[in-house]
Every structure is written in C-alpha cells, then in structure tokens.
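[1] Could you work out the structure for the sequence below:
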Amino acid sequence: MTTSSSERGVSLGMPELPAPGYPDDVRARLEADAREIVARYPDSRSALLPLLHLVQAEEGHVTRTGMQFCADVLGLTTAEVTAVATFYTMYRRKPSGDYQVGVCTNTLCAVMGGDAIFEELQEHLGVGNGETTDDGKVTLEHIECNAACDYAPVVMVNWEFFDNQTPDSAKRLVDDLRAGRDVAPTRGARLCTFKETARILAGFPDERPGAVEEGGSAGPASLVGLRLARGEAAPARVVHPRDEPQDRTVHQPSPAEHLSSHDAPQDSSASDPAHPAGPVAEEGE
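    Okay, the predicted model is just below:
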C-alpha cells in the first residue's frame, strides 16, 4: 500500500514564479555600477561577491530580484548565484535593520562574557538571533569571531569595532543606535547604515567628508607582539613567580587606547559578579 505526498505531510506546492525585475530606472543605475565593478576583473565571474554587495545596498538584503540581476550581468545561472549568496553570512537573505549588531560568542569572547552580553541584548531588545527590532533599527545576531580577541568581549556594528563590552555598555550602545544619537566605534570610521556599508563593500568609495581619514588601524593591544619583535618594548612578564607579590594595580587606559565612549575598558562580564563568565545554565537544562 502506498501513501500520497499529502498523507506523508509533504506539500509539493506550486513552482516558484520568476523573480520580478527592478524598475527600469533602478536597473539602469545598477547596470552602470555593475559595469564599473566587472571592469576591475579579468574574469567577470570574479565580480560576483561585490555585485552581491551592490544589490544588498539597494534593498538591505539579497533578494531573488538581486540574485537574478547578478546572474544576468555575469551570464551565470541563478543556482550558481544562490549558492554563493547562501554560503557567506555577510549576505542577508531577509529584511534587516539599519544596524547589524553582532556579538562575538566564539571561545575567548564567550569566556570573557560574550554569552552574557548576547543573552541580555536579546531580552533588552525583545528579539532573537537574526531578528530585527520593530522600529527597523537593529538586527541582533551572534557571530563566530570578530577577529579582535585581544579586546574581548567584542561587539560589531555594521562591521565596526566596539571593544571590551559589558552587558550595560552593549545595552547603552543599542539604545543610542535606536535613538539616532551619534555613536563612535573604537577603531575605524564613524558608523553608516547597513545599506551604505554594503555599497562600500561593493568597492565604491566612502564619500562622507573625513571618513577615509578616520579609518584607523589596529589598536595598541594588537600591536604589542609587533613592537616586541622590533625591540621597541621590553618583554612583559605574563606569569608572576609564586614568591613575588603580584601587582594588582588596575590599568587606567589612556584616551588613545579606547576611543569610543561606548567601550567598557575596566569592568568586563568576566569580572562582574552579576554576569559571571561561562555557561548560563547547567548542562541538560
């Protein structure tokens, strides 16, 4: 005896209709930008990543229309474009906020309090992972690594760094973003919206006055090893001998070390009794 697909709980449904096209004026503008991008590469197929950023800059996420546009420009199938768009997490597949707030929950940031920060932000904003606040301002997500372990725990907003965070500093950060107040990252240029960030990632210049000069570089903690290798700094003693008293003086960072008012350089989740590092629940709960 056989069962039908409906009896097995499988819905075959109707085939998906072709993606709608961009309005003529939008398509003409995007085609001009696309020609500029494709001209940078000896093989046009290599332009797919920046083209996906370009269409993401148009609608705030990569739509079926955007993927069809990329396929048409590069002579690819939509399946080939979809395979790339779904592989890289920087491409959004659904509408998202003006500010992508990513909390690192990889090993070091998690141990230093990233898990506590992410949990509190979910409760504070009333959203889950990958969800957007009702006002369309903030999309919250946990990400695997911000490549800034020496400033853990780290939060990124539209790929700009906010170092040494605590739950309180992170909540103040998202509140300021939603209120439209000026927010300065620790390192790098001032914040712009996610659509503007996507256009910059497509390879177009940041045209905001002074933004390029604000780009900055690695922070002091990231450069310690380089300075040691060059002999510019005396080797630091990492482990104190047992018979010597340890210097427990709290380091007071200079303004050059922490350039953002949203940084929390002294108290971290790891040292905050209200937010101890480590799992928030026993295994099995």
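[2] quick one: pLDDT of Ser217?
    With respect to pLDDT, Ser217 scores 66.
[3] now do Ser11
    pLDDT recorded at Ser11 is 57.
[4] Kindly report the same for the one 5 residues further on.
    Per-residue confidence at Glu16 stands at 70 (pLDDT).
[5] For stretch 219-231, measure first residue to last.
    Terminal residues of stretch 219-231 lie 18 Å apart, using CA to CA, to the nearest Å.
[6] what's the distance between it and the middle of its chain?
    Mean-position distance between stretch 219-231 and its chain equals 26 Å (CA atoms, centre = their mean, to the nearest Å).
[7] Now do the buried residues in stretch 200-210.
    By neighbour count on 16 or more other CB atoms under 10 Å, the buried set for stretch 200-210 is Ile200, Leu201, Ala202, Gly203, Phe204, Asp206. Quick note: C-beta positions are derived from backbone N, CA and C, even for glycine.
[8] Distance-wise, check Asp176 relative to Leu140.
    15 Å (CB to CB, to the nearest Å).
[9] Between these two, which has more neighbouring residues?
    Set Asp176 next to Leu140 and count neighbours by other CB atoms under 10 Å: Leu140 wins out with 25 against 14.
[10] Correct me if wrong, but the more buried one is in a strand.
    Yes: under DSSP: H, G, I helix; E, B strand; the rest coil, Leu140 falls within a strand.
[11] list the contacts for it?
    Contact analysis of Leu140 by CB atoms under 8 Å, 6 or more residues apart in numbering lists 101, 103, 118, 121-122, 125, 127-132, 174.
[12] what's the spacing between it and Glu58?
    In terms of CB to CB, Leu140 sits 23 Å off from Glu58.
[13] What of Ala148?
    30 Å.
[14] who's more crowded, the two?
    The residue with more neighbours, out of Ala148 and Glu58 and counting by other CB under 10 Å, is Ala148; that gives 24 against 20.
[15] Name the nearest residue to that one, ignoring sequence neighbours.
    In space, and not counting its chain neighbours, Ala148 is closest to Val154: 4.6 Å by CB to CB, 6 or more residues apart in numbering.
[16] Could I get the buried residues of stretch 200-210 in TSV, plus columns for secondary structure?
    Formatted as TSV, the buried residues of stretch 200-210 follow (three-state DSSP):
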residue	secondary structure
Ile200	helix
Leu201	helix
Ala202	coil
Gly203	coil
Phe204	coil
Asp206	coil
